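Enquirer: Have a look; sequence and predicted model below, questions after that.
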Amino acid sequence: MELRHLRYFVMVAQEKHFTRAAARLNMQQPPLSQQIRALEQELGFDLFIRHAKGVDLTAGGEVFLQEALDILQRVENGAQKAARTAKGIEGNLKVGFTSSAASHPLIPRIIRRYRDLYPDVDIALHEGNARELTDEVSDDSVDIGILRAPVDRPRGIAYHRLLNEELVLTLPVGHRLLDSGAAIALKDLADEPFILVRRPGAPGMYANLLQACRNAGFEPKVAFEVERMLTNVSLVAAGAGVSVVPTSMRGFHEHSVAYRPIRDARPRLAAPITLLCRQDNPSPQAVNFVALARQLGSELRRERREAGGGALASG
C-alpha cells in the first residue's frame with residue numbers, strides 16, 4: 001500500500017464517482033478503478049458499493065476513510081515540519097555562554113532578535129566557562145558557544161570573532177590611584193594584589209595581562225584566581241584587590257567599584273567576543289544564529305565607529 005493509493009481512495013470517496021475522481025486526479029478512469037480494486041484486495045474487504053450513479057462507501061470504507069484522511073494529514077504536517085526544521089525556522093538550539101560575554105549588550109541583542117525572527121525555535125541557554133563551552137561544542141552537546149578568548153582550538157570548530165573591546169581596571173572606591181580621575185599606568189599597580197579569572201578559563205587574557213605587567217617592570221601579585229569575571233568585581237568591591245574586566249562590565253557594583261582605562265599596556269589588553277560552532281554539518285538553526293550574530297556584530301562595530309568608539313568594537 002502506498003500513499004498514492006490512499007489519495008486515490010479519498011478522491012473517489014469524496015466525489016462518489018470514479019470518472020469525476022479520475023478527472024480531478026488527472027488520470028484515466030480504468031487505471032483508477034484497477035488501483036482501487038487492488039487496494040480492496042490488499043485490505044480484504046470492499047471499500048465501495050458500486051451502482052449506476054456512482055459509488056457509496058461501505059461500512060468498512062467509512063472507517064478506512066477517516067484513517068486515510070488522518071494518515072495523509074499527518075504526512076503533510078510532517079513534511080511541513082521537516083521542511084521548516086531543515087530551513088532552521090523551527091526546531092531546537094542549545095546556546096552556552098560565559099558570564100563576561102553575556103554581560104556585553106551585543107549578546108542579549110542577538111538572542112532577542114533571533115527569538116523575534118525564529119519564534120518556533122526552542123532555545124536552551126546555559127552558562128559555563130570557556131573551557132567547558134569549547135568541549136561542549138566539540139562533543140556536540142551544545143550548538144553555539146559564546147565566550148571571550150578561545151582557550152584552545154580543537155579541530156572541527158569554527159571561530160567567529162564578533163568584536164573586540166578594551167579591558168579596564170577595576171579598583172575599590174577610595175583607592176589611592178583614583179585621585180586623578182585619569183587613565184592609570186600599569187606600572188603603578190606593581191604593589192597591588194590582583195584578582196584574576198583562572199588561567200584555564202581565560203588563558204589568552206590571563207597571559208596577556210601577565211606579559212604586560214612584566215613589560216611594565218614587575219611580576220604581578222595574584223591574590224585570588226576565580227571562575228567567573230563577575231566574582232572578580234565582587235572581590236574588588238570587598239577591597240580584596242584590583243582586577244581587569246571588559247569595558248562592557250562597567251556598572252557592576254558601581255557604588256563600591258571604580259573603573260579606569262589602562263595606560264601604556266604592552267601588549268594591548270583586549271577582550272574579544274568569540275562565537276564557536278561546529279565546522280562540519282552545523283544544524284540549520286545554528287547556521288541562522290551565526291549569520292545573525294555576525295550581522296549584528298558588524299552593525300555594532302559600525303555604530304561604535306560612527307560614535308567615535310571604534311577601539312572598543314574593532315573586529
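Expert: That came through fine. Not measured: the values here are computed from a predicted model.

Enquirer: Show me what the helix or strand hosting residue 289 is packed up against.
Expert: Residue 289 belongs to helix 284-306 when assigned by DSSP states H and E. Here helix 284-306 touches strand 90-97, helix 106-117, strand 144-147, strand 157-172, strand 270-278, going by 3 or more C-beta pairs under 8 Å, 6 or more residues apart in numbering; DSSP states H and E. Glycine gets a C-beta too; all of them are placed from N, C-alpha and C.

Enquirer: what mean pLDDT would you report for that helix?
Expert: Helix 284-306 carries an average pLDDT of 91.

Enquirer: Report the buried residues of it.
Expert: In terms of neighbour count (16 or more other C-beta atoms under 10 Å), helix 284-306 has its buried residues at 284-286, 288-290, 292-294, 296-297, 300-301, 304.

Enquirer: and if you look at stretch 163-182?
Expert: Applying a neighbour-count criterion of 16+ other C-beta under 10 Å, one finds 163, 164, 165, 166, 167, 168, 169, 170, 171, 172, 175, 177 buried in stretch 163-182.

Enquirer: got it, and stretch 66-74?
Expert: residue 68.

Enquirer: Quick check: residue 107 vs residue 114, distance?
Expert: Distance, residue 107 to residue 114, by C-beta to C-beta, to the nearest Å: 11 Å.

Enquirer: ignore the last one, residue 125
Expert: Applying C-beta to C-beta, the value for residue 125 to residue 114 is 11 Å.

Enquirer: Looking at these two, which is more packed in?
Expert: residue 114 (20 against 13; other C-beta atoms under 10 Å).

Enquirer: Return the residues in contact with that one.
Expert: Going by C-beta atoms under 8 Å, 6 or more residues apart in numbering, residue 114 touches 121, 123, 288, 289, 292.

Enquirer: need the contact list for the fourth one.
Expert: For residue 289, the contacting residues are 93, 95, 110, 114, 143, 144, 277, taking C-beta under 8 Å, 6+ apart as the criterion.

Enquirer: Just the buried residues of stretch 88-98, please?
Expert: Buried residues in stretch 88-98, counting neighbours by 16+ other C-beta under 10 Å, are found at 88, 89, 90, 91, 93, 94, 95, 96, 97, 98.

Enquirer: Off-centre distance for it?
Expert: Centroid separation between stretch 88-98 and its chain, computed with C-alpha atoms, centre = their mean, to the nearest Å, is 4 Å.

Enquirer: With just CA atoms, put that stretch into CSV.
Expert: Provided in CSV are the C-alpha atoms of stretch 88-98 (Å, rounded to 0.1, in the frame of the first residue of the first chain):
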residue,chain,number,x,y,z
GLY,A,88,16.0,26.4,10.7
ILE,A,89,12.6,28.0,11.1
GLU,A,90,11.7,25.6,13.9
GLY,A,91,13.5,23.0,16.0
ASN,A,92,15.9,23.3,18.9
LEU,A,93,19.1,25.3,19.5
LYS,A,94,21.4,25.0,22.5
VAL,A,95,23.5,28.1,23.3
GLY,A,96,26.1,28.3,26.0
PHE,A,97,27.8,31.5,27.2
THR,A,98,30.3,32.8,29.7
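
Enquirer: Show me the contact partners of it.
Expert: Contacts of stretch 88-98 (C-beta under 8 Å, 6+ apart): 81, 84-85, 107, 111, 118, 120-130, 132-133, 136-137, 141-148, 201, 228-229, 283-289.

Enquirer: Could you pick out the buried ones from those residues?
Expert: Applying a neighbour-count criterion of 16+ other C-beta under 10 Å, the buried members of the contacts of stretch 88-98 are 84-85, 107, 111, 118, 121, 123, 128-130, 132-133, 136-137, 142-148, 201, 228-229, 283-286, 288-289.

Enquirer: now residue 132, nearest residue through space, not along the chain?
Expert: Spatial nearest neighbour of residue 132, chain neighbours left out: residue 96 (7.6 Å); criterion: C-beta to C-beta, 6 or more residues apart in numbering.

Enquirer: Residue 292 reaches residue 113, doesn't it?
Expert: Yes - using C-beta atoms under 8 Å, residue 292 makes contact with residue 113 at a distance of 6.2 Å.

Enquirer: can you map out the helices along this structure?
Expert: Using DSSP state H, the helices of the chain run over 3-15, 18-24, 29-43, 59-86, 99-102, 106-117, 130-138, 203-215, 229-237, 284-306.

Enquirer: Among those helices, which comes closest to residue 265?
Expert: Of all these, helix 203-215 sits nearest to residue 265, with 4.5 Å by C-beta to C-beta.
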